[in-house]
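J.: here are the coordinates; sequence isn't available:
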């Protein structure tokens with residue numbers, strides 16, 4: 001794994017992937033999977049951004065098999081509709097990258113289903129999407145689900161008594177909870193896949209601190225964090241570098257089922273892919289099992 005880069009990626013010819021998120025890390029993931037011959041479906045909320053992402057990939061990889069599909073991860077109906085369309089179009093799927101995220105909106109917002117926006121989009125939306133697509137993944141070849149967490153998961157706490165922050169909303173606390181939930185989910189999915197012989201590998205990854213638009217989108221370009229992102233850009237590694245742990249987890253024969261990958265330098269803030277340190281709360285199997293049951297109830301989906 002030493003100094004692993006995209007030049008180490010195996011051919012993706014004959015493989016298919018769904019990636020959530022059309023900019024930043026999602027775009028970098030899609031570009032490299034397309035460059036190595038994979039079929040890529042970029043899934044996102046905004047058709048214009050989706051079209052721009054597809055055009056960018058096709059400009060760099062004229063032979064790319066890439067297209068956009070609309071899905072709003074803040075809407076369970078939109079997720080179900082997207083999955084239904086996909087099931088009508090294809091027989092199998094080899095890779096799902098749960099990448100899209102929203103970060104620290106200053107005021108509490110809710111999804112169309114009433115979930116706190118960050119938990120609903122970053123975690124519950126991807127939980128529902130993974131469940132809906134599991135029948136296709138089970139028919140895939142060396143099928144993998146890669147779920148993105150964050151260094152913010154280190155401070156994350158699952159508040160089962162106020163999961164949706166209705167009593168008290170702190171933006172970073174809610175973001176940390178959502179990313180810890182993603183990590184608990186990735187590990188629990190691997191355990192359940194093994195127990196039920198689904199034949200699908202679940203791996204978690206995080207990008208370190210990367211130069212994406214995440215801090216511009218929700219907190220706003222002129223928020224303290226947005227201005228830090230704008231004017232202290234050199235503190236953030238390029239998105240193409242931040243995408244490496246995800247691409248390693250998604251494609252490398254060396255990637256281990258149920259593992260967690262992140263950058264190898266500066267306390268996992270930047271660098272090349274390596275095994276990441278797992279926060280102690282992410283190893284709590286009782287919490288993972290409880291979160292899974294709660295998530296099934298909230299999203300009304302089941303893994304089969």
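T.: Nice, thanks for sending it over. Because the structure is a prediction, the values reported are computed rather than measured.
J.: residue contacts, the residue lying closest to residue 101 once chain neighbours are set aside?
T.: Spatial nearest neighbour of residue 101, excluding adjacent residues (Cβ to Cβ, 6 or more residues apart in numbering): residue 122 at 4.7 Å. Where you see a C-beta, it was placed from the backbone N, CA and C, and this is true even at glycine. Residue 122 makes contact with 100-102, 175, 178-179, 181-182 under the criterion Cβ atoms under 8 Å, 6 or more residues apart in numbering.
J.: ok, residue 276 next?
T.: Shown in contact with residue 276 (Cβ under 8 Å, 6+ apart): 204-206, 245, 260-262, 268.
J.: now, which of the contacts of residue 122 sits nearest residue 153?
T.: When these are compared for distance to residue 153 (Cβ to Cβ), residue 179 wins out at 4.2 Å.
J.: using the three-state scheme, assign that closest one.
T.: Here residue 179 is helix, with the state taken from DSSP: H, G, I helix; E, B strand; the rest coil.
J.: wait, which of the contacts of residue 276 is closest to residue 145?
T.: residue 204 (9.6 Å).
J.: the closest one and residue 278: what is the separation?
T.: To residue 278, residue 204 is 9 Å away according to Cβ to Cβ, to the nearest Å.
J.: could you pull out the strands for the stretch 101-250 of the chain?
T.: 144-148, 201-205, 210-211, 237-238 (DSSP state E, counting those that start in this stretch).
J.: mean pLDDT for these: which is lowest?
T.: Per-stretch mean pLDDT for the strands of the stretch 101-250 of the chain is lowest at strand 210-211 (a mean of 76).
J.: for the residue with the largest distance to the centre of the chain, what are phi and psi?
T.: Ranked by distance from the centre of the chain (Cα atoms, centre = their mean), the top residue is residue 167, with 27.5 Å. Per-residue torsions, residue 167: phi -90, psi -40 (degrees, to the nearest 10).
J.: could you find the closest non-adjacent residue to residue 31?
T.: Spatial nearest neighbour of residue 31, chain neighbours left out: residue 57 (5.3 Å); criterion: Cβ to Cβ, 6+ apart.
J.: same question, residue 129
T.: Looking at residue 129 with Cβ to Cβ, 6+ apart, the closest residue is residue 79, at 5.2 Å.
J.: tell me, how many residues neighbour the one you found?
T.: As a burial measure, residue 79 scores 28 neighbours (other Cβ atoms under 10 Å).
J.: now residue 45
T.: 18.
J.: tell me how many other residues surround the residue nearest to it when sequence neighbours are not counted.
T.: Nearest-residue entry for residue 45: residue 72, 4.7 Å, with adjacent residues in sequence omitted and distances by Cβ to Cβ, 6+ apart. Number of residues near residue 72 (other Cβ under 10 Å) recorded here: 20.
J.: quick check: residue 3 touching residue 274?
T.: No - using Cβ atoms under 8 Å as the test, residue 3 is too far from residue 274 to be in contact (10.0 Å).
J.: the more surrounded of these two?
T.: Per other Cβ under 10 Å, whichever of residue 3 and residue 274 has more neighbours is residue 274, with 17 against 9.
J.: give the rounded mean pLDDT of the host helix or strand of that one.
T.: Residue 274 belongs to strand 270-275 when assigned by DSSP states H and E. For strand 270-275, the mean per-residue pLDDT is 94.
J.: the residue farthest from the centre of the chain and residue 108: what is the separation?
T.: In terms of Cβ to Cβ, residue 167 sits 10 Å off from residue 108.
J.: again with residue 257
T.: 36 Å.
J.: the more surrounded of these two?
T.: Neighbour count, other Cβ under 10 Å: between residue 257 and residue 108, residue 108 has more, with 16 against 13.
J.: ok, and the closest non-adjacent residue to that one?
T.: residue 169 (3.9 Å).
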